[in-house]
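Student: Everything below, folded, please.
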Amino acid sequence: MTIEQKVLVSNTLGLHARASARLVNLANQFESRISLQRSDNQTHADAKSILSVMFLAATPGTELIIQANGADESAALAALVLLFENHFDETSHVF
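Tutor: Residues are numbered from 1 along each chain as shown. The predicted structure follows:
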């Protein structure tokens, strides 16, 4: 069963290269299949692929839906949501 949660890109530069790399590195720690979807245009990305994540072009204010499916889906979803809530540990953020 797939679980999902909406998150908001709130760091100043959006999902730039460094933030995307952190997201991909975190996602790859889990066995579950993890994807991201833009709420505004339905573009999907594999959260374990940096090129796929960067293709989302998620700027500050973009709403994304994180979807996880697999043995550790709850832990994976919680970890990724926390990364977004902590603004990727960047000192400046928009929201």
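Student: Same question for the longest helix along the chain: list its buried residues.
Tutor: The single longest helix within the chain, with elements called by DSSP state H, is helix 73-85. Judged by neighbour count using 16 or more other Cβ atoms under 10 Å, the buried positions of helix 73-85 are 73, 76-77, 79-80, 83-84. No exception for glycine: its C-beta is placed from N, CA and C like everyone else's.
Student: Throw those into CSV and include pLDDT and distance to Ala27, thanks.
Tutor: Converted to CSV, the buried residues of helix 73-85 look like this (pLDDT from 0 to 100; distance: Cβ to Cβ, whole Å):
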residue, pLDDT, distance to Ala27
Glu73, 98, 12
Ala76, 98, 7
Leu77, 98, 10
Ala79, 98, 9
Leu80, 98, 7
Leu83, 97, 9
Phe84, 97, 12
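Student: For those, work out which two are farthest apart.
Tutor: Longest distance between any two of the buried residues of helix 73-85 is 16.7 Å, between Glu73 and Phe84; criterion Cβ to Cβ.
Student: can you give me the helices in the chain?
Tutor: Under DSSP H, the chain gives helices at 17-27, 50-55, 73-85.
Student: any idea of the angle the first one forms with helix 73-85?
Tutor: What separates the directions of helix 17-27 and helix 73-85 is an angle of 160 degrees, with axes from the mean of the first three to the mean of the last three Cα atoms, to 10 degrees.
Student: chain center to helix 17-27: distance?
Tutor: On the basis of Cα atoms, centre = their mean, to the nearest Å, helix 17-27 is displaced by 8 Å from the centre of the chain it belongs to.
Student: now Leu80: how far from Ile3?
Tutor: 11 Å (Cβ to Cβ, to the nearest Å).
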